[in-house]
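1. structure for this input, please:
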Amino acid sequence: MDALARTPVDLVLLDMNLPDTHGIELCRRIRAGRVDVDVLAVTSARELATVRAAAAHGVVGYLLKPFTYAALRDRLTAYADYRERLRTEGDAVGQEDVDRALQGARPARPAPLPKGMHRQTLDAVVAALRGAEGRSAAEVAGQIGASRITARRYLEYLADTGVAARAQRYGGAGRPETEYCWR
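-> Sure thing, here's the model as predicted:
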């Protein structure tokens with residue numbers, strides 16, 4: 001809030017899971033302070049209540065972690081186009097102009113995944129990992145009906161993008177296995 005008071009800003013990239021407050025609370029303070037800034041949520045918060053609250057507080061876009069560089073680029077390009085559409089002065093000629101202005105900063109296509117990855121499989125891996133104490137690739141593979149190699153690839157992607165943590169699980173004899181936990 002201090003930075004927004006000192007410096008004119010067009011866009012804030014906001015995580016909903018902040019160390020000292022929730023992103024929705026920060027959005028409330030931004031709006032209450034009448035700061036003229038757009039907010040793009042860049043977060044792992046998947047709760048629909050949070051998405052709904054973000055929309056109610058004027059968040060112009062919502063990008064879920066993990067995401068690729070291309071997905072972020074597409075959101076920022078769509079935002080730049082949105083700002084350009086609204087930069088012109090005057091009135092809307094008709095409903096189409098109003099609809100285009102309200103379209104906001106949403107790209108025309110869904111965010112891409114890395115080559116060879118599929119949204120349905122990623123969603124299944126995320127569902128298997130969320131709410132669990134910790135899972136190995138073999139455990140996730142068994143739950144979603146995929147190979148251990150496939151599950152491990154998706155789990156490593158989640159860990160590399162920061163939405164999952166990996167640790168070594170030491171059990172009986174043999175090598176330790178990697179355990180993944182949702183952050």
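
2. contact partners for Tyr14?
-> One thing to correct before we go on: residue 14 is Leu, not Tyr. Residues in contact with Leu14 (C-beta atoms under 8 Å, 6 or more residues apart in numbering) are Gly23, Leu26, Cys27, Val39, Leu40, Ala41, Val42, Thr43, Val59. Every residue, glycine included, has its C-beta placed from N, CA and C.

3. what helices or strands is the longest helix seen in the chain leaning on?
-> Using DSSP state H to define each element, the chain has its longest helix at helix 69-87. Helices and strands touching helix 69-87, by 3 or more C-beta pairs under 8 Å, 6 or more residues apart in numbering; DSSP states H and E, are strand 38-43, strand 59-64, helix 95-102.

4. any idea how far stretch 63-73 is from the chain center?
-> Computed by C-alpha atoms, centre = their mean, to the nearest Å, the separation of stretch 63-73 from the middle of its chain amounts to 7 Å.

5. report the buried residues of it.
-> Leu63, Leu64, Lys65, Pro66, Phe67, Ala71 (16 or more other C-beta atoms under 10 Å).

6. list the buried ones in the host helix or strand of Ala54?
-> Here Ala54 sits within helix 48-56, counting by DSSP states H and E. Of the residues in helix 48-56, those buried under the neighbour-count criterion (16+ other C-beta under 10 Å) are Thr50, Val51, Ala53, Ala54.

7. please apply the same query to stretch 32-42.
-> So, applying 16+ other C-beta under 10 Å, buried residues of stretch 32-42: Asp38, Val39, Leu40, Ala41, Val42.

8. hmm, who's touching the helix or strand hosting Leu26?
-> Take DSSP H and E as the rule and Leu26 turns out to sit in helix 23-32. Outside helix 23-32, the residues that touch it by C-beta under 8 Å, 6+ apart are 1, 4, 12, 14-18, 37, 39, 41, 43, 45, 50, 53-54, 57-59.

9. tell me the angle of it relative to helix 48-56?
-> 20 degrees (axes from the mean of the first three to the mean of the last three C-alpha atoms, to 10 degrees).
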